[in-house]
Structure formats: C-alpha cells, structure tokens
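Undergrad: No sequence on hand, only this structure:
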C-alpha cells in the first residue's frame with residue numbers, strides 16, 4: 001500500500017511514519033509534502049497513492065484548497081489538532097478524522113477501515129466486476145452525419161477529436177474534415193468509450209489513437225500533437241486534467 005503524507009510539522013510526520021511501520025511493514029511512503037501548492041504540483045507528475053494521511057492546517061493554507069485546485073478521488077485520513085473541520089473533511093473522500101496527538105490504536109483502526117472499504121483482494125470478484133461493467137456499458141460506435149441532402153455514417157474509429165467552435169460542436173475525422181454533431185461535449189463524454197476518448201479541456205475530446213506526441217507546456221499543462229493537425233491551444237491539456245490524462249494514457 002502506497003501512502004502519501006501531507007504534514008507541515010517534521011516531528012509529526014516522522015511519528016506517523018514510525019507508527020505506520022509498526023502497523024504494516026508492507027506500507028510504502030510515496031512522499032512527504034508540507035504545503036498546498038507543493039501537494040497540488042506533486043500530483044501533476046507522480047503516480048496516485050492508495051491513501052493520503054493529511055494534516056489540515058498547512059504552511060500556505062488549509063488542505064481543502066488542494067481539492068479546489070485538482071481533482072483527487074483518493075481516500076484521505078485527516079490528522080489535525082482541531083475538531084472544527086470534521087464536516088468539511090467528510091465532504092472530500094474522508095475515511096477517518098484523527099485528532100493529534102494521534103493514538104496508534106486509532107490509526108491502526110483507521111487503516112483497517114480503509115482496507116475494508118477500498119481494497120479488493122479477491123481476483124475473481126475483480127474480474128466479475130470488470131465483466132459486469134463492460135456488459136452494462138455499450139458505447140456509441142457510429143455517428144450519423146448529415147451532409148446537405150445526404151447522410152454519412154462515421155465510425156468512432158475514424159474520429160480524431162470532437163471540439164467546440166463558435167458554440168457549435170464538431171466531429172473531426174482523421175482526414176481533417178469537420179462535421180457538426182447535435183450533442184454537447186458533456187453528452188458525448190457519456191456516449192464514448194472512456195478507454196479511447198478523453199476530454200482534455202473545456203473545448204476538446206481527443207481519440208487516444210490521434211495523439212502522436214506530448215510536450216510540457218506552461219503552467220504545468222501539456223501540449224498534444226494530433227496526427228496531421230497543426231499545434232493549437234485546442235490541444236492543450238488543462239492543468240486540472242493533466243494528472244488524470246497521464247494516468248489514462250499510461251495504461
């Protein structure tokens with residue numbers, strides 16, 4: 001189990017690590033971070049841990065600001081000297097809320113709670129859940145496009161990306177031709193196979209097969225090179241989606 005520790009007091013962080021080591025020797029510490037900004041930046045370039053142990057009051061603000069900057073769906077055990085943030089903590093993936101000084105037995109109980117709620121060790125059950133998911137999710141494979149008085153059926157395999165231009169939504173195929181579609185990008189997200197398509201910003205959904213290169217870009221973003229298309233701001237992965245995009249494409 002990989003655990004990220006967000007704690008601005010070094011003695012407290014060291015004490016937590018000692019207790020974790022006594023509780024479960026298989027635990028790996030992914031990192032120790034002290035600030036809101038540092039934590040948000042860390043998630044842009046590092047694999048997601050299984051669990052976060054997070055102090056609430058950090059050097060540059062409250063930890064809840066991290067959840068406003070980036071989308072984090074990882075379970076969190078909050079550790080703090082204050083009990084006034086309980087309600088807010090349980091709105092952001094909280095497994096437990098431990099008051100300092102942390103009691104070793106309570107920490108162990110919180111870890112057991114996390115394992116019970118979030119880990120699945122039975123491989124048969126995992127496979128069954130995956131099969132059930134795939135059975136229930138039949139994604140759109142074709143779009144019927146009207147061209148004047150004629151119609152053309154475009155398969156999703158032919159689609160390079162979907163994008164918004166002048167408030168209209170267009171499908172662009174691998175030949176560079178644009179076709180208007182009636183659905184919004186939000187609606188398309190629900191229709192398309194998430195293993196093949198990813199919404200990189202407010203204006204564009206890309207096909208994984210259309211991406212040829214990725215470049216670091218300003219403000220911790222990524223610039224994509226799309227097959228047979230010129231570089232454009234349309235193909236910039238927004239900052240808050242970079243971590244999820246990397247996870248999506250690195251499968």
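TA: Now that the structure is in, tell me what you want to look at. Worth saying up front: this structure is predicted, and the values here are computed from it rather than measured.

Undergrad: Near residue 162, how many other residues are there?
TA: For residue 162, the neighbour count with other Cβ atoms under 10 Å is 24. In this view, the C-beta of every residue, glycine as well, is placed from N, C-alpha and C.

Undergrad: Same check on residue 105?
TA: Neighbouring residues of residue 105 were enumerated by other Cβ under 10 Å; the total is 10.

Undergrad: Pull out the buried residues from whatever helix or strand it lives in.
TA: In this structure, residue 105 is located in helix 104-118 according to DSSP states H and E. Neighbour counts over helix 104-118 (16 or more other Cβ atoms under 10 Å) mark 107, 110-111, 114-115 as buried.

Undergrad: With respect to pLDDT, which of the residues you listed ranks lowest?
TA: Here the lowest pLDDT out of the buried residues of helix 104-118 sits on residue 115, with 87.

Undergrad: Now do that residue against residue 19, distance only.
TA: Applying Cβ to Cβ, to the nearest Å, the value for residue 115 to residue 19 is 16 Å.

Undergrad: Could you do residue 171 as well?
TA: Taken as Cβ to Cβ, the spacing of residue 171 relative to residue 19 amounts to 54 Å.

Undergrad: and if you look at residue 233?
TA: From residue 233 across to residue 19, the span is 48 Å (Cβ to Cβ).

Undergrad: so residue 78, which of the three states?
TA: Taking DSSP: H, G, I helix; E, B strand; the rest coil as the rule, one finds residue 78 in the strand state.

Undergrad: how about residue 154, what does it touch?
TA: With contact set as Cβ atoms under 8 Å, 6 or more residues apart in numbering, residue 154 has these partners: 142-143, 145, 171, 173, 179.

Undergrad: no no, residue 40
TA: Contacts here follow Cβ under 8 Å, 6+ apart; on that basis residue 40 touches 66, 69-70.

Undergrad: name the element it belongs to?
TA: Counting by DSSP H and E, the element that carries residue 40 is helix 36-45.

Undergrad: Tell me the buried residues in that helix?
TA: For helix 36-45, a neighbour-count test (16+ other Cβ under 10 Å) marks 36-40, 42-44 as buried.

Undergrad: now do stretch 14-21
TA: When neighbours are counted by 16+ other Cβ under 10 Å, the buried residues of stretch 14-21 are found to be 15-17, 19-20.

Undergrad: okay, the residues you listed in CSV with pLDDT, secondary structure and distance to residue 28 next?
TA: Putting these into CSV (pLDDT from 0 to 100; DSSP: H, G, I helix; E, B strand; the rest coil; distance: Cβ to Cβ, whole Å) gives the following:
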residue, pLDDT, secondary structure, distance to residue 28
15, 94, helix, 18
16, 94, helix, 14
17, 94, helix, 11
19, 94, helix, 15
20, 94, helix, 10
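
Undergrad: Distance to residue 100 added to those, as a markdown table?
TA: Shown next, in a markdown table, are these (distance: Cβ to Cβ, whole Å):
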| residue | distance to residue 100 |
| --- | --- |
| 15 | 9 |
| 16 | 10 |
| 17 | 15 |
| 19 | 12 |
| 20 | 15 |
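
Undergrad: Of those, which pair is most distant in space?
TA: Taking Cβ to Cβ, the two most distant members of the buried residues of stretch 14-21 are 15 and 20; they sit 9.8 Å apart.
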